[in-house]
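**Student:** output the structure for:
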Amino acid sequence: MKFELQHTDPSSKARAGKITTDHGEIETPIFMPVGTLGGVKAVHFKELEQDINAQIILGNTYHLYLRPGTDVLEQAGGLHKFNGWNKPILTDSGGFQVHSLSEIRKIKEEGVEFRSHIDGSKHFFSPESVVDTQRKIGADIIMAFDECTPYPCEYEYAKKSMHLTHRWLKRCINRFNETECSYGYSQTLFPIVQGSTFKDLRKTSAEFIASMGAEGNAIGGLSVGEPDAEMYEMTELVCDVLPTNKPRYLMGVGTPANILEAISLGIDMFDCVMPTRNARNGMLFTRNGIINIKNEKWKADFSPIDEHSESPMIRQHTKAYLRHLVHTGEMLGAMIASVNNLSFYLWLVREARKQIIAGSFASWKKDMLEKVTRRL
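**Tutor:** Have a look, this model is predicted:
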């Protein structure tokens with residue numbers, strides 16, 4: 001993987017760059033639609049490419065390990081061959097999912113013992129096995145195994161957890177260096193900064209991660225319930241430590257406003273289930289503001305869902321029609337709403353990139369924040 005830093009906004013720390021992988025280029029800032037099980041919920045790859053203009057999607061190691069299983073993915077020739085997506089893929093290590101299984105997992109120095117949320121069967125993830133699993137999945141960018149601490153979190157627990165994540169990272173790097181991708185192309189390992197919302201721990205973790213010399217770095221353990229102000233404070237602190245010539249990935253973030261603020265702090269990559277999950281519940285993100293399409297006020301509104309959208313589908317269908325589909329539980333409603341939200345998110349980061357290159361990001365961001373947080 002290669003990263004080229006192309007522009008920096010003069011009034012903020014916002015950056016525009018380009019990541020090059022064996023499956024294609026990614027222009028940053030970038031939002032990665034979440035395809036947990038190898039497919040983005042309610043969205044066909046044709047729409048991902050044509051309506052949404054996605055450059056990279058995210059898969060989840062924990063879920064793909066359980067279903068369909070690495071044996072099936074290996075037989076298929078990796079996730080790209082299995083699902084037919086020919087652009088870059090990033091896989092989460094499964095650390096966040098293990099965190100969310102707090103009632104049915106045990107964390108040890110060796111790794112994590114957990115029970116499947118599907119059938120209760122017992123499994124074990126170690127730093128080595130997680131690297132092996134991601135090698136078999138075949139994503140272009142893979143994540144180191146970490147422990148994601150909850151919020152709020154006691155200082156001593158966060159410190160202990162951070163050091164465990166660092167020890168696991170060394171094991172991940174060793175395993176990564178002694179193995180190869182099974183499918184004839186290169187993969188890149190990203191370490192993850194932890195430390196909860198404690199400044200000294202975040203700084204220590206960022207310094208340790210930076211010293212590893214990886215081709216890119218991630219920031220984890222945020223957007224887990226802490227106030228936005230704390231998220232931004234930790235993000236800025238970490239970005240000031242991580243190297244400028246490597247991409248920075250803020251995991252699991254977030255709302256359009258979160259993304260704009262984090263871009264201004266120097267973040268290059270994002271992912272979040274919010275656009276698709278909220279779409280299935282009838283919440284739409286548009287350039288004019290946020291719409292709850294279930295509301296009665298849209299019942300006879302025959303204007304386009306978002307007249308400014310770059311997606312022909314979203315300009316073609318009306319708010320009244322989408323409300324009807326969502327209100328009656330038609331699957332097409334979730335599909336159209338998901339395309340709308342992902343199309344908006346990808347437009348937002350593309351437009352941010354344009355504004356960074358033009359040197360007008362700061363003033364544009366101020367105007368956009370007012371619009372993307374407005375309830376219509």
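**Student:** alpha carbons only for contacts and neighbour counts from here, please
**Tutor:** OK.
**Student:** contacts only, for residue 341.
**Tutor:** Neighbouring residues of residue 341 by CA atoms under 8 Å, 6 or more residues apart in numbering: 275-276, 279, 284-286.
**Student:** try it again at 6 Å.
**Tutor:** 275, 285 (CA atoms under 6 Å, 6 or more residues apart in numbering).
**Student:** how far does the helix or strand in which it is found sit from the chain's center?
**Tutor:** For residue 341, the enclosing helix or strand under DSSP states H and E is helix 331-358. How far helix 331-358 lies from its chain's middle: 14 Å, per CA atoms, centre = their mean, to the nearest Å.
**Student:** mind listing what's buried in that helix?
**Tutor:** By 16 or more other CA atoms under 10 Å, the buried positions in helix 331-358 come out as 333-353, 355-357.
**Student:** neighbours of the closest residue to residue 369 other than its chain neighbours, just the number please.
**Tutor:** Spatially, and ignoring its direct neighbours in sequence, residue 369 is nearest to residue 257 (5.9 Å; CA to CA, 6 or more residues apart in numbering). When neighbours are defined as other CA atoms under 10 Å, residue 257 has 18 of them.
**Student:** what's the pLDDT at residue 257?
**Tutor:** Note on residue 257: pLDDT of 98.
**Student:** kindly report the same for residue 118.
**Tutor:** 89.
**Student:** distance of it relative to residue 63?
**Tutor:** 10 Å (CA to CA, to the nearest Å).
**Student:** over to residue 44?
**Tutor:** Residue 44 is 20 Å from residue 63, by CA to CA.
**Student:** ok, the two, which is more surrounded?
**Tutor:** Neighbour tally, residue 44 and residue 63, criterion other CA under 10 Å: the higher count belongs to residue 63, 19 against 12.
**Student:** doesn't that one belong to a helix?
**Tutor:** Yes - the assignment for residue 63 by DSSP: H, G, I helix; E, B strand; the rest coil puts it in a helix.
**Student:** without its sequence neighbours, what residue ends up closest to it?
**Tutor:** Residue 63's closest residue in space is residue 37 (CA to CA, 6+ apart), at 6.1 Å.
**Student:** circling back: anything in contact with each of residue 118 and residue 63?
**Tutor:** With CA under 6 Å, 6+ apart, residue 118 and residue 63 have no common neighbours.
**Student:** okay, and the closest residue to residue 291 other than its chain neighbours sits in which element?
**Tutor:** Distances taken as CA to CA, 6+ apart place residue 284 nearest to residue 291, at 5.0 Å, with adjacent residues excluded. Assessed by DSSP H and E, residue 284 sits inside strand 283-286.
**Student:** which parts of the helix or strand harbouring residue 208 are buried?
**Tutor:** For residue 208, the host element (DSSP H and E) is helix 199-211. By neighbour count on 16+ other CA under 10 Å, the buried set for helix 199-211 is 201-210.
**Student:** adding pLDDT as columns, could you present those in JSON lines?
**Tutor:** Output for those, formatted as JSON lines (pLDDT from 0 to 100):
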{"residue": "201", "pLDDT": "98"}
{"residue": "202", "pLDDT": "98"}
{"residue": "203", "pLDDT": "98"}
{"residue": "204", "pLDDT": "98"}
{"residue": "205", "pLDDT": "98"}
{"residue": "206", "pLDDT": "98"}
{"residue": "207", "pLDDT": "98"}
{"residue": "208", "pLDDT": "98"}
{"residue": "209", "pLDDT": "98"}
{"residue": "210", "pLDDT": "98"}
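**Student:** ok, which pair from these is furthest apart?
**Tutor:** Within the buried residues of helix 199-211, two members stand farthest from each other by CA to CA: 201 and 210, at 14.0 Å.
**Student:** neighbours around residue 158, how many?
**Tutor:** Count around residue 158 with other CA under 10 Å applied: 24.
**Student:** ok, now which ones touch it?
**Tutor:** Residue 158 neighbours (CA under 6 Å, 6+ apart): residue 195.
**Student:** give me that answer again for 8 Å
**Tutor:** So residue 158 contacts 149, 195-196, 201 (CA under 8 Å, 6+ apart).
**Student:** may I have the secondary structure class of it?
**Tutor:** Going by three-state DSSP: residue 158 is helix.
**Student:** that one and residue 127, how far apart?
**Tutor:** With CA to CA as the criterion, residue 158 and residue 127 are 19 Å apart.
**Student:** for residue 108, same thing?
**Tutor:** Counting by CA to CA, the gap from residue 108 to residue 127 is 11 Å.
**Student:** so for those two, which sits in the more crowded spot?
**Tutor:** Between residue 108 and residue 127, counted using other CA under 10 Å, residue 127 has the larger neighbour count: 25 against 10.
**Student:** am I right that that one is in contact with residue 166?
**Tutor:** No - contact criterion CA atoms under 8 Å: residue 127 and residue 166 do not qualify, at 10.8 Å.
**Student:** and the helices in the stretch 101-250 of the chain?
**Tutor:** 127-137, 155-177, 199-211, 228-239 (DSSP state H, counting those that start in this stretch).
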